[in-house]
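> Give me coordinates for this.
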Amino acid sequence: MMTALPPTQEQLDRPLIQVRDLSVRFGQQEVLRNINLSIPRGQSLVVIGESGCGKTVLLKTLIRLIAPTRGSVHFDGQDLAELSEKELTSQRIRCGYVFQNAALFDSMTVGQNVSFPLRQHTNMSDREILDRVRARLAEVGLPDSVMKKKPAELSGGMRKRVGLARALIMEPELILYDEPTTGLDPIMSDVINELMMRTRRNYSVTSIIVSHDMRTVRRVADRVVMICPVPRLQPEEPQMIFDGPPSELERCADRRVAQFVRGEAGERLMELRGSAAMSA
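Residues are numbered from 1 along each chain as shown. Predicted structure coming up:
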């Protein structure tokens, strides 16, 4: 495995990710509209918003698992749309992705799951791979004994931690987390939050986290972005309705932000009833 050269000062000064006028449409359905984001290196950004607003689509567009309908994504100064498939693969290796349901290979053991990126993208020896897998599992609080287990034998929290260990195995510069605490009890959710913060400290990574969990937002975020479902917007209204530190969420004048943060369903429920009545 080649050792990466240290970043130049120019690289350190420019945003790791620059999103410009990003829109995504599937057929007639507009999911993302005119998203503009500049994400510095080392920042922990949490993206919030109600279900169906396009958070996961945004996450996948950042590494071009989904191609934008309009606009661009620049990763470390490079427009992803201009890269060949080989160049795009090289850029993706610099990213770790923690999927919502861990997305482990059911037929593989934990050890095989975590080592999979190393075997795909490096020439490391079996000994080197084993040592790194053990180290990453230890970092997420899992013993060597889990290496021979299949994902079906693990609890939900353990699967999430295995997914994080796999995302860390290539020592990425960017980690994308898709609902990392969904389906977990409060204690295990707090464990995952602590692991995300520890990962950021230990690896100096940039983190982008999609979450509904306001405890996660308050614990791990430097910056919060809230996006609103396109159907709830006025014709020319920006989709990003909040962009700032988590301490400002409670003071935001936009009632949609306040309702989401406080979990107040009253006005939204009336909107849903009105939509149902119109379509009846």
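> So Glu236 belongs to a strand, correct?
No: Glu236: not assigned to a strand; according to DSSP: H, G, I helix; E, B strand; the rest coil it is coil.
> how many other residues sit next to Leu164?
Number of residues near Leu164 (other C-beta atoms under 10 Å) recorded here: 27. All C-beta atoms are positioned from the backbone trio N, CA, C, and that covers glycine.
> For the strand or helix carrying it, buried residues please.
Using DSSP states H and E, Leu164 sits within helix 156-168. With burial defined by 16 or more other C-beta atoms under 10 Å, the residues of helix 156-168 counted as buried are 157-168.
> Check the gap between the residue nearest to Ala165 when sequence neighbours are not counted and Asp254 for me.
Closest residue in space to Ala165, ignoring its immediate chain neighbours: Arg136 at 4.2 Å, by C-beta to C-beta, 6 or more residues apart in numbering. Arg136 is 40 Å from Asp254, where distance means C-beta to C-beta, to the nearest Å.
> what's the answer for Thr61, then?
Thr61 sits 24 Å away from Asp254, going by C-beta to C-beta.
> returning to what we had before: in terms of neighbours, single out the busier of Arg136 and Asp254.
Arg136 (22 against 12).
> right, and that one touches Leu168 too?
Yes: between Arg136 and Leu168 there is a contact at 5.2 Å, judged by C-beta atoms under 8 Å.
> neighbours around Tyr203, how many?
For Tyr203, the count of nearby residues is 16 (other C-beta under 10 Å).
> Spit out the contact partners of it.
By C-beta atoms under 8 Å, 6 or more residues apart in numbering, the contact list for Tyr203 reads 168, 171-172.
> Flag the shaky bits of the protein, pLDDT-wise.
Applying pLDDT under 70 to the chain flags residues 1-13, 265-280.
> hey, where'd the strands end up in it?
17-26, 29-39, 44-48, 70-75, 78-79, 95-98, 174-178, 206-210, 223-227, 240-244 (DSSP state E).
> Quick one: those strands as CSV, columns for distance to Leu104 too.
Listed next are the strands of the chain as CSV, based on distance: least, C-beta to C-beta, whole Å:
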stretch, distance to Leu104
strand 17-26, 26
strand 29-39, 27
strand 44-48, 24
strand 70-75, 26
strand 78-79, 30
strand 95-98, 11
strand 174-178, 14
strand 206-210, 19
strand 223-227, 28
strand 240-244, 33
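> Any chance of TSV for those, columns mean neighbour count and distance to Glu194?
As requested, the strands of the chain are exported to TSV (neighbours: other C-beta atoms under 10 Å; distance: least, C-beta to C-beta, whole Å):
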stretch	mean neighbour count	distance to Glu194
strand 17-26	17	25
strand 29-39	18	23
strand 44-48	23	13
strand 70-75	18	28
strand 78-79	13	33
strand 95-98	22	15
strand 174-178	24	14
strand 206-210	23	13
strand 223-227	23	19
strand 240-244	17	24
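> coming back round to it: identify the contacts common to Arg136 and Leu168.
By C-beta under 8 Å, 6+ apart, no residue touches both Arg136 and Leu168.
> Now do the contacts for Gln112.
Phe105.
> Dig out what Ile17 forms beta bridges with.
Beta bridges link Ile17 to Ile39, Phe75, judged by DSSP bridges.
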